[in-house]
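> Quick one, structure for this:
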Amino acid sequence: MIKLVLSDMDNTLIPFGARHVSPRTLEAIHDVINVGIHFGPDTGRDYVELMRFFHMDESCFMTGIMSNGKRVRVDGRDVWTYSIPHDWLQRVADALKPERGMFLVCFPLDTNLFNPGYAVGASEEEMSKYERLVHFNGGRVEDVPNIDFIAAAIACNGDEKRHAYCQQLVAEACPEVETIMSVPNWFDVLPRGVNKASALGTILDAVGATRDEVVVFGDSGNDVAILSEVHYSVAVANATDEVKGICNFSCGASADEGVADALFEIARAARAHEVPAFLREG
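Now for the predicted structure:
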């Protein structure tokens, strides 16, 4: 019954700040793959960056939705990529430059294992803080380089009022994008209409599955749209109230390897030709 499993990364498959999935989670992923079910991350992280998270084991992310829907891979090949227009990124960067503690970080389409990111208008101190937090290798620039970027994010220190002000600045400068907080003080910059949910149809068609044959795990704002699209939507125990409110099912917390537990159950149920136990209970 289940042909595809997708999982968000930070605070879902792994606790935020963890550098790798646990050995047990890696084992659970292989258990699912070995019964013939496609598994993949459903994340704002891009393909090359995921090498570190999965201990360089590419079999764990041969399929997946990456860069918040701007890259879709199936069986090791890209079936969809989207570069954010340079003009949009520059307008966002210009709007943030006068604000201390707010800056844009752009991630190239053509990247490598060092996970380079261009921090536009940031001080060395500001950039270093987020390099450690989000795990990228930053280079400070004054303007957005004229190359293809697959992802961008905004670092924004402060409270909810400060976050709302940041989002207002971006909305006024570049209405073509939207900003969604994925982890504290870190907004994903998404072209309107391009997100995890918009990529769902592409990946389902490529693996030959329907919306009733996919399980999606998530925890926060950038998961809401895709979780709303499927029946087997699963909130980890540490998910936001918004995510818990829209999901039909639940599993254990990220810190307790709740998704790994669920993956082992999905594989067991597939061998027994059953519906996984946690998907029989709302």
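
> what's the offset of stretch 42-56 from the middle of its chain?
Centre-to-centre, stretch 42-56 and its host chain are 10 Å apart (Cα atoms, centre = their mean, to the nearest Å).

> Name the residues that touch it?
6-10, 14, 19-21, 26, 41, 58, 60-61, 64-68, 71, 73, 107, 111-113, 115, 135-136, 150-151, 153, 182, 188, 196, 216-218, 222-223, 226 (Cβ atoms under 8 Å, 6 or more residues apart in numbering). Glycine gets a C-beta too; all of them are placed from N, C-alpha and C.

> in that stretch, what's buried?
42-51, 53-54 (16 or more other Cβ atoms under 10 Å).

> Convert the C-alpha atoms of it to PDB, please.
C-alpha atoms of stretch 42-56 as PDB (Å, rounded to 0.1, in the frame of the first residue of the first chain):
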ATOM      1  CA  ASP A  42      11.700  16.200   1.900                       C
ATOM      2  CA  THR A  43      13.700  19.100   3.000                       C
ATOM      3  CA  GLY A  44      15.100  22.600   2.400                       C
ATOM      4  CA  ARG A  45      18.600  21.100   2.300                       C
ATOM      5  CA  ASP A  46      20.000  20.400  -1.200                       C
ATOM      6  CA  TYR A  47      21.400  17.200  -2.600                       C
ATOM      7  CA  VAL A  48      25.200  17.600  -2.000                       C
ATOM      8  CA  GLU A  49      24.600  18.900   1.600                       C
ATOM      9  CA  LEU A  50      22.700  15.700   2.400                       C
ATOM     10  CA  MET A  51      25.900  13.600   1.900                       C
ATOM     11  CA  ARG A  52      27.000  14.700   5.300                       C
ATOM     12  CA  PHE A  53      23.700  14.000   7.000                       C
ATOM     13  CA  PHE A  54      23.600  10.400   5.600                       C
ATOM     14  CA  HIS A  55      27.200   9.400   6.300                       C
ATOM     15  CA  MET A  56      28.000   9.700   2.500                       C
END
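
> Start at 507, not 1
Shifting the count to begin at 507 puts that one at stretch 548-562.
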